[in-house]
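J.: Fold the following and give me the result.
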Amino acid sequence: MTGSDYRIEVVESAPFAENAYIVWRVGATEALVIDPSFDSDAVLEWLDREGLNLAAILNTHGHADHIAGNAAIKQIFPDAPLIIGVNDAPLLGDPDANLSAGFGLPLVSPPADRTVNHGEVVELAGFVFEVREIPGHSPGSVVFIARDVEPLFVLGGDVLFAGSVGRTDLAYGDGPLLYAGIRSKLFDLPDATRVFPGHGPSTTIGRERRTNPYVGENPGTYRLD
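T.: Numbering: from 1, shown residues only. Just a heads-up that it's a prediction; the model follows:
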């Protein structure tokens, strides 16, 4: 996946088919890794093959399938800050809260080096990201909106998917809160904005605004709020 001057590589990890992303500017020497999962070796191999250093690890939220690779990647790049939303940071070190214990795979992540809040702007690896907190799938899921590219893109975690939304039947889940957050904090973005979710294919804000059966303009039987 490419833009005019950036690249996005996806690494899908079993057993949850989670999408980790590697994002970098064309010609740059630093990259970002978003939500490294269980296949951290593939992420590290890609960075090595492309000759990229790691500027930061971004976690959209603290569930196990999105943080499982944090420790392995921090071991290789100890100076790369681990960044997560302030309200999901406690999940990193709690196997029950991050759901890994419930799946029989108890794990903990290194603690966050930096937490971010809703509305904060962060500059990393040549990108300018706006942080928006959209809870409901987890206590403090955040999305990272790249504001300095055209079209915009969103590193969205498990908030909005192509034709679906994040699960709300897990601990701390809240469907109406998630749906309201998507409509107010994502659907105000331009139609062409690309969304790179934590599972499944990429999509656009315009497509989901029009057709998503949970939160779109003409929601079907899935609408619960």
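
J.: CA only for contacts and neighbour counts going forward, please
T.: Fine.

J.: Thr168 and Asp158, how far apart?
T.: Computed as C-alpha to C-alpha, to the nearest Å, the Thr168 to Asp158 distance reads 10 Å.

J.: Confirm that Pro106 lies within a strand, as I assumed.
T.: No: using DSSP: H, G, I helix; E, B strand; the rest coil, the secondary structure at Pro106 is coil, not a strand.

J.: can you tell me which residues contact the nearest residue to it once chain neighbours are set aside?
T.: Among residues not flanking Pro106 along the chain, Ser100 sits closest, at 4.6 Å (C-alpha to C-alpha, 6 or more residues apart in numbering). The contact partners of Ser100, taken as C-alpha atoms under 8 Å, 6 or more residues apart in numbering, are 63-64, 106-107.

J.: ok, what's across the strand from the residue nearest the centre of the chain?
T.: Centroid check for the chain by C-alpha atoms, centre = their mean gives Gly157 as the closest residue, at 3.0 Å. Taking DSSP bridges as the rule, Gly157 bridges to Pro197.

J.: Could you pull up the residues touching it?
T.: 35, 60-61, 141-143, 196-199.

J.: and if you look at Ala17?
T.: Neighbour list for Ala17: 199-200 [criterion: C-alpha under 8 Å, 6+ apart].

J.: let's see it at 6 Å
T.: Neighbouring residues of Ala17 by C-alpha atoms under 6 Å, 6 or more residues apart in numbering: there are none.

J.: thinking again about what came up before, tell me which of Thr168 and Asp158 has more neighbours.
T.: The neighbour count for Thr168 versus Asp158, taken as other C-alpha atoms under 10 Å, is higher for Asp158 (26 against 18).

J.: That one contacts Gly198, doesn't it?
T.: Yes: using C-alpha atoms under 6 Å, Asp158 makes contact with Gly198 at a distance of 5.2 Å.

J.: Give the rounded mean pLDDT of stretch 76-94.
T.: For stretch 76-94, mean pLDDT is 98.

J.: and what of stretch 211-225?
T.: Summarised as a single mean, pLDDT over stretch 211-225 is 74.

J.: next one: stretch 120-137
T.: Stretch 120-137 comes out with an average pLDDT of 98.

J.: so Tyr179 sits in a strand?
T.: No: the assignment for Tyr179, made by three-state DSSP, is helix rather than a strand.

J.: Please determine how far it is located from Leu82.
T.: Distance of Tyr179 to Leu82, given as C-alpha to C-alpha: 28 Å.

J.: hmm, back to that, can you redo the contacts of Ser100 as CSV with distance to Asp191, pLDDT and neighbour count?
T.: Output for the contacts of Ser100, formatted as CSV (distance: C-alpha to C-alpha, whole Å; pLDDT from 0 to 100; neighbours: other C-alpha atoms under 10 Å):
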residue, distance to Asp191, pLDDT, neighbour count
His63, 29, 97, 25
Ala64, 31, 96, 29
Pro106, 40, 93, 15
Leu107, 38, 95, 18
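
J.: number of nearby residues for Gly104?
T.: By the measure other C-alpha under 10 Å, the count of residues near Gly104 is 9.

J.: Excluding covalently adjacent residues, which one is nearest to Ala101?
T.: Pro95 (5.1 Å).

J.: Name the SS class of the one you found, please.
T.: Following three-state DSSP, the label given to Pro95 is coil.

J.: burial measure for it, as a count.
T.: Pro95: 20 neighbours (other C-alpha under 10 Å).
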